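A.B. asks: what follows is a predicted protein model with its sequence.
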Amino acid sequence: MKNILIIGLGRFGKHIAMQLNQMGHEIMAVDLNEERVEKVLPFVTNAQIGDSTDAEFLKSLGIGNYDICFVTIGGSFQNSLETTSLLKELGARLVISRAERDVHEKFLLRNGADKVIYPEKQVAKWSSIRYADDRILDYMEVDASHAIFEVEIPYEWIGKTIGKLDIRKKHNINILAVKNEGGEISVAISADTVLNDGSTLLVLGDYKTIQKCFHI
């Protein structure tokens, strides 16, 4: 369990609070808007109405006590940038700030953010890959070049073993798991694992290789 500070309680900040609450973390939520603070109260440990660009207000929160500080302010990049910078100056261990444009990401990283999240851009990329290719059922980016994909098993692979197909050597793709029709995942993968009709694969590779290998 971690102590987490969330500054900015718009839709994105609220959803982060809800998710962290389900995971059992201690959450302090902050926003200038009283109505937003009230709406998030069921999902947080504590909440305050306050101006995050006020250094004295931030000091009163005990910034050094939080494992993670999320800056999810929307609509005012100036406030987001000032808050990010102040948090780092006050000893925040890990500052994760939200960007709404590419240029925001660069400035946030230069002014104290340890990590930057760009939800619109990330969701757009996920959606374009997930829904433009019928054989891709899910997708999680690992780095700029690689991702984990859930893909349908090509017809010509059905009934064959992973060893016989020699997928890693031929295609430079790692099979991480097999999911059966019931949704159960098996990570006990070996050369003798048979690929059955109706199952899907969780594979690690780059997008272009996945496209070529799975005829996408």
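C.D. replies: Right, received. Where do you want to start?
A.B. asks: from here on, just use CA atoms for contacts and neighbour counts.
C.D. replies: Fine.
A.B. asks: so what pLDDT did S190 get?
C.D. replies: You'll see S190 listed with a pLDDT of 88.
A.B. asks: hang on, isn't it packed against I162?
C.D. replies: Yes: at 7.1 Å, S190 counts as touching I162 under the criterion of CA atoms under 8 Å.
A.B. asks: which residue ranges of this structure form strands?
C.D. replies: Secondary structure of the chain, counting by DSSP state E: strands at 3-7, 26-31, 46-49, 68-71, 95-98, 115-117, 136-141, 147-152, 174-179, 185-186, 200-205.
A.B. asks: by mean pLDDT, show me the worst of those.
C.D. replies: strand 136-141 (a mean of 83).
A.B. asks: can you list the strands that it pairs with?
C.D. replies: For strand 136-141, the paired strands and their directions (DSSP bridges) are strand 147-152 (antiparallel).
A.B. asks: now the strand it pairs with: how far from the chain's centre is it?
C.D. replies: Counting by CA atoms, centre = their mean, to the nearest Å, strand 147-152 is centred 16 Å from the centre of its parent chain.
A.B. asks: hmm, who's touching that strand?
C.D. replies: 135-142, 199-207, 214 (CA atoms under 8 Å, 6 or more residues apart in numbering).
A.B. asks: if we use 6 Å, what do you get?
C.D. replies: For strand 147-152, the external contacting residues (CA atoms under 6 Å, 6 or more residues apart in numbering) are 135-141, 200-205.
A.B. asks: lovely, talk soon.
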